[in-house]
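Engineer: Dropping a prediction and its sequence here:
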Amino acid sequence: MAIDITGVGHVVLKVRDRERSARFYRDVLGLREVARLGDRMVFFTTGRGNHHDLAILEVGAGAPDPARDAVGLYHVALKVGDRLEDLRAVKEHLDRHGVTPLRLTNHRVSQSIYLSDPDGNGLELYVDADPAIWRENPAAVAHVEPLEL
């Protein structure tokens, strides 16, 4: 019998500077800070029913960057709305805060902005397209093309 996983509860990201990263996740991305653990961790929620969705763990200023070809987390995807207009508004918000997206992508099943947090952790901010696309053709999830916003 397989384990019945019902969802992803939260993600914890390692960062060099807890306060710098807390400002990014709270003030730029809009997550709500809910708790701190000592002087190393900060917990955030989207405010939509989960006690926390993301946390950051400070590992210190001297922590090395992971190698690009190393095993590990590639990115965390955060849903930012239901319409392409929502994604456009997110891009405008990021532009106003001086955050430069790495790329804009149409995955057919979703549309995304890829960027990095202050420590280089990969983030995807996305909106879903019509679910019928992947329900009718599950392989559509493997689609990648540039997106114009």
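Structural biologist: Happy to help now that I have it.

Engineer: dump the residue contacts of Thr46.
Structural biologist: Leu31, Arg32, Asp53, Leu78 (CB atoms under 8 Å, 6 or more residues apart in numbering). (Each C-beta comes from the backbone N, C-alpha and C, glycine too.)

Engineer: now Arg32
Structural biologist: Arg32 makes contacts with Arg26, Phe44, Thr45, Thr46, Gly47, as judged by CB under 8 Å, 6+ apart.

Engineer: What count of nearby residues applies to the closest residue to Gly81 other than its chain neighbours?
Structural biologist: In space, and not counting its chain neighbours, Gly81 is closest to Val127: 5.0 Å by CB to CB, 6 or more residues apart in numbering. Here the number of neighbours of Val127 (other CB atoms under 10 Å) works out to 19.

Engineer: By neighbours, which of the contacts of Arg32 wins?
Structural biologist: Comparing the contacts of Arg32 by number of neighbours (other CB under 10 Å), Phe44 comes first, having 21 neighbours.

Engineer: For it, name its beta-bridge partners.
Structural biologist: According to DSSP bridges, the residues that bridge with Phe44 are Glu33, Leu54.

Engineer: List the buried residues of the longest helix anywhere in the chain.
Structural biologist: Secondary structure assigned by DSSP state H gives helix 84-96 as the longest helix of the chain. Using 16 or more other CB atoms under 10 Å as the test for burial, helix 84-96 gives Leu87, Val90, Lys91, Leu94.

Engineer: again with stretch 124-133
Structural biologist: Neighbour-count burial for stretch 124-133 [16+ other CB under 10 Å]: Glu124, Leu125, Tyr126, Val127, Ala129, Ile133.

Engineer: Break down this protein into its helices, ranges please.
Structural biologist: Counting by DSSP H, the helices of the chain are 18-23, 84-96, 132-136.

Engineer: Compare those and give me the one nearest Ala67.
Structural biologist: When these are compared by CB to CB, helix 18-23 sits nearest Ala67, at 20.9 Å.
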